[in-house]
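**Q** what's the 3D shape of this:
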Amino acid sequence: MSQIRNSAKAIIVRNGKLLTMKGVDNKGDYYLLPGGGQGFGETLQQALIRECKEEVNADVKVGELKFVRDYIAAHHEFAFFENEVHQVEFVFVCELAGDENVGVGRIPDADQIGVEWLEIEKLMKYRLYPMAIRERIMNLEKEEQPVYLGDIN
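**A** Presented below is the predicted three-dimensional model:
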């Protein structure tokens, strides 16, 4: 039986750039927000703090919940290899807790090849997943946005 998985993701912006995890596949480079699955007994904030340390070697202060999305893989482009995945992502605005050395952490994602700061103004040029969130990140400070985004990728 398939399970629904909770995941916490971080929007970390510094000097007009967004902190991302970089991966590569047969279509080229792609980017993801740092974060990951919530463990049993963990709050979303605790999961996000742990995941950011593991993936991008960053201590973070978790701020406001900005977005919630469903990701039902069977409805999107990767259905052919992850059609059993249903994830609910909680996306928080976060701040770096200090000037630590941001980079690939001690437990990176399996497909992660690096960490990259992307210019906010140019997000539409990048394959940043979920793709539907790029414009929303670009407009975070400019307009009020709905929190629940539905089943998007």
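**Q** residue ranges of the strands in the chain, please?
**A** For the chain, the strands defined by DSSP state E cover 4-14, 17-25, 28-32, 35-37, 60-72, 86-96, 112-119, 128-129, 148-151.
**Q** Direction included, what does the fourth one pair against?
**A** Using DSSP bridges, strand 35-37 pairs in its sheet with strand 4-14 (antiparallel).
**Q** got it, and the second one?
**A** Each strand that pairs with strand 17-25, with its direction, by DSSP bridges: strand 4-14 (antiparallel), strand 28-32 (antiparallel), strand 112-119 (antiparallel).
**Q** And the contacts of stretch 43-53?
**A** 6-10, 12, 34-39, 42, 58-60, 62, 90, 92, 94, 105-106 (CB atoms under 8 Å, 6 or more residues apart in numbering). All C-beta spots, glycine's among them, are computed from the backbone N, C-alpha and C.
**Q** Buried among these? Need that as a selection in ChimeraX.
**A** Filtering these down to the buried ones (16 or more other CB atoms under 10 Å) takes a single ChimeraX command:
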select :7,8,9,10,12,34,35,36,38,42,58,60,62,90,92,94,105
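**Q** worst-scoring helix or strand of the chain, pLDDT-wise?
**A** helix 79-82 (a mean of 62; mean pLDDT, DSSP states H and E).
**Q** Report the backbone C-alpha coordinates of the helix ranked longest in the chain in PDB.
**A** Longest helix in the chain by number of residues (criterion: DSSP state H): helix 44-56. Extracted in PDB, the C-alpha atoms of helix 44-56 (Å, rounded to 0.1, in the frame of the first residue of the first chain):
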ATOM      1  CA  LEU A  44       8.300  20.000  10.200                       C
ATOM      2  CA  GLN A  45      10.700  22.700  11.500                       C
ATOM      3  CA  GLN A  46      12.900  20.000  13.000                       C
ATOM      4  CA  ALA A  47      12.900  18.100   9.800                       C
ATOM      5  CA  LEU A  48      13.900  21.200   7.800                       C
ATOM      6  CA  ILE A  49      16.700  22.100  10.100                       C
ATOM      7  CA  ARG A  50      18.100  18.600   9.900                       C
ATOM      8  CA  GLU A  51      17.700  18.300   6.100                       C
ATOM      9  CA  CYS A  52      19.300  21.700   5.400                       C
ATOM     10  CA  LYS A  53      22.400  20.600   7.500                       C
ATOM     11  CA  GLU A  54      22.600  17.300   5.800                       C
ATOM     12  CA  GLU A  55      22.100  18.600   2.200                       C
ATOM     13  CA  VAL A  56      23.600  22.100   2.100                       C
END
